[in-house]
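Student: Let's see this in three dimensions:
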Amino acid sequence: MKIDWAALGSVFGVSLVVTVALVGLFTLGIVGLSKKESAAQRGDSAALVTSGAYACFAACAAAVAYGIFLIVA
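Tutor: Modelled structure (predicted):
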């Protein structure tokens, strides 16, 4: 049995980058929703922050759906 270490390393690298990016994107969504609540307490309009947070969550859902598609297909 021969292991292709270059392919294994590239899969590891891509997986690491995508995981960190996905967690970061989800974190931005959570931070955006928390800013929405603090903006509402101050009386500011939080429509932009809320739409940005929902866009982050939608991008996370799209990435997860694409991953499931790749596994199933």
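Student: what about Gly32, neighbour count?
Tutor: Gly32 has 20 neighbouring residues, counting by other CB atoms under 10 Å. C-beta here means a position set from N, CA and C on the backbone, and glycine is covered the same way.
Student: same deal with Leu33?
Tutor: Neighbours of Leu33 (other CB under 10 Å): 17.
Student: got the contact list for the closest residue to it other than its chain neighbours?
Tutor: Among residues not flanking Leu33 along the chain, Ala53 sits closest, at 4.8 Å (CB to CB, 6 or more residues apart in numbering). Ala53 is in contact with 28-33, 36, counting by CB atoms under 8 Å, 6 or more residues apart in numbering.
Student: Return a PyMOL selection command for the buried portion of these.
Tutor: PyMOL command restricting the contacts of Ala53 to the buried ones, with burial defined by 16 or more other CB atoms under 10 Å:
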select buried, resi 28+29+32+33+36
